[in-house]
Each structure stands twice: as structure tokens, then as C-alpha cells.
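S.K.: here are the coordinates; sequence isn't available:
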């Protein structure tokens, strides 16, 4: 019984989060928004470490760093293109 309540809360917060993301892409360019989306990686890692007692493997840290670096590079490149216009 209580699990259904938590599943309902999870569904509502998921729908609300997706709606907010859609609204964000309507008012801002994806290249400006995407670096903030990459913040999910460190937050999820911290929650996994602190709440669930997970451990971070080296290849996971390196892969996440590569993904974040690629996103930041794209953001930097787009800013340079915008400044040149």
C-alpha cells in the first residue's frame, strides 16, 4: 500500500522534471543548457557514495570526466562562435 504512494510521488516528480526540461529548451539554446545537465553525473555519484555506500571505479571516473570535458568543450566552442558573429 505505501509503495503505491511512493511510486505515485516518483511518477509525479519525474513528469514535472521532464516538463521543466522541455520548458528550458523552449526558452534557451541547448548549447547553453546542456552543461548544467552534465551536473547530474557528480550529483548522482555523490548520492551513490553517501547514501548507498557505492564505490567509484577508476574507469567510471575517467569516463564521466571525459563526458563532462566534452560538454564543456562544446560550450566553450559555441561561445567563441557566438562572440565572432
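M.R.: Cool, got the structure. Just so it is clear, the model here is predicted, and its values are computed rather than measured. Numbering: from 1, shown residues only.
S.K.: okay, CA-based contacts and neighbour counts for the rest of this
M.R.: Will do.
S.K.: Residues in contact with stretch 29-38: which ones?
M.R.: 24, 25, 68, 71, 72, 74, 75, 78 (CA atoms under 8 Å, 6 or more residues apart in numbering).
S.K.: Report the buried residues of whichever strand or helix holds residue 63.
M.R.: Residue 63 belongs to helix 58-84 when assigned by DSSP states H and E. For helix 58-84, a neighbour-count test (16 or more other CA atoms under 10 Å) marks 64, 68, 71, 72, 74, 75 as buried.
S.K.: Following the chain onward from the lowest-mean-pLDDT helix or strand in the chain, which element is next?
M.R.: For the chain, using mean pLDDT, DSSP states H and E, the weakest element among its helices and strands is helix 30-37, scoring a mean of 78. Using DSSP H and E, the helix or strand that follows helix 30-37 towards the C-terminus is helix 40-50.
S.K.: What are the buried residues along that following helix?
M.R.: Applying a neighbour-count criterion of 16+ other CA under 10 Å, the buried positions in helix 40-50 are residue 45.
S.K.: Next, the angle from it to helix 58-84.
M.R.: Put simply, helix 40-50 runs at 150 degrees to helix 58-84, going by axes from the mean of the first three to the mean of the last three CA atoms, to 10 degrees.
S.K.: Need the contact partners of helix 40-50.
M.R.: With contact meaning CA under 8 Å, 6+ apart, helix 40-50 is reached by 54, 55, 56, 64.
S.K.: want to try JSON lines for the residues you listed, with secondary structure as columns?
M.R.: Shown next, in JSON lines, are the contacts of helix 40-50 (DSSP: H, G, I helix; E, B strand; the rest coil):
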{"residue": "54", "secondary structure": "coil"}
{"residue": "55", "secondary structure": "coil"}
{"residue": "56", "secondary structure": "coil"}
{"residue": "64", "secondary structure": "helix"}
